[in-house]
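Trainee: fold the stuff below for me.
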Amino acid sequence: MSRTREVLVLVVLALAACTSGDGDGDTSGGPGAGAPEGSPVPAFDAPGVEGRVALLAPPEVGAEEVPEFEWEAVPAAATYRLAVHDEGGDVLWAWEGEATSVALGGVADRPEGEPGPVLEGPASWSVVAVDPEGRVVAVSAIRPVSP
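Mentor: Predicted coordinates for the structure are as follows:
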């Protein structure tokens, strides 16, 4: 299994174990970022991956049904992989691209009534930064989000 795939499997497994939390909003990107002491939301540590992706937005509570996800750029990254999981750990939506922000569903100003994923309750999200060769260079903490 490739290193990128191994880390992504770890992200999926960690997110699947995630439940909603009442984090303090720490987006420093350091160890345990987004997972305050006592929170049921685990910090994500990928063995062999030193870099952290700092998550900037949306807020953990009050993110609206179609939030805009935003994170700090990672110098070595060519692309980013974002995963949003519902409260039960199932994938609600996933995205890959070069931008450092994206709205849930990929459309920032989705017309009313247009189909697409929405946050209906507590969820969680994380970002993995990948270099041009496809190697994971940084990961974020797992951060809760709810409308």
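
Trainee: helices of the chain, residue ranges please.
Mentor: 3-16 (DSSP state H).

Trainee: which sections of it are below the confidence cut-off?
Mentor: Low-confidence segments of the chain (pLDDT under 70): 1-48.

Trainee: mind listing the strands in it by residue range?
Mentor: 51-53, 55-57, 68-71, 79-86, 91-97, 101-103, 123-130, 136-140, 143-145 (DSSP state E).

Trainee: these: which one's closest to E114?
Mentor: Ranking the strands of the chain by proximity to E114 (CB to CB) places strand 101-103 first, at 11.9 Å. From N, CA and C alone the C-beta is placed, and that goes for glycine too.

Trainee: and that closest one, which strands flank it?
Mentor: The strands beside strand 101-103 in its sheet (DSSP bridges) come out as strand 68-71 (antiparallel).

Trainee: spit out the contact partners of V137.
Mentor: Applying CB atoms under 8 Å, 6 or more residues apart in numbering, we find V137 in contact with 49, 51, 74, 76-77, 129-131.

Trainee: if I look at it, how far off is W71?
Mentor: V137 sits 13 Å away from W71, taking CB to CB, to the nearest Å as the criterion.

Trainee: and Y80, how close does it get to P147?
Mentor: 23 Å.

Trainee: please apply the same query to E112.
Mentor: For E112, the distance to P147 equals 16 Å [CB to CB].

Trainee: these two: which is more packed in?
Mentor: Shown here are E112 and P147; by other CB atoms under 10 Å, P147 has more neighbours (16 against 4).

Trainee: touching, the more buried one and E65? I think so.
Mentor: Yes. Counting by CB atoms under 8 Å, P147 touches E65, with 5.1 Å between them.

Trainee: which neighbours do these two have in common?
Mentor: What both P147 and E65 touch, as defined by CB under 8 Å, 6+ apart, is the set 118-120.

Trainee: compare these and tell me which is most surrounded.
Mentor: Ranked by neighbours (other CB under 10 Å), the shared contacts of P147 and E65 are led by L119, which has 21 neighbours.
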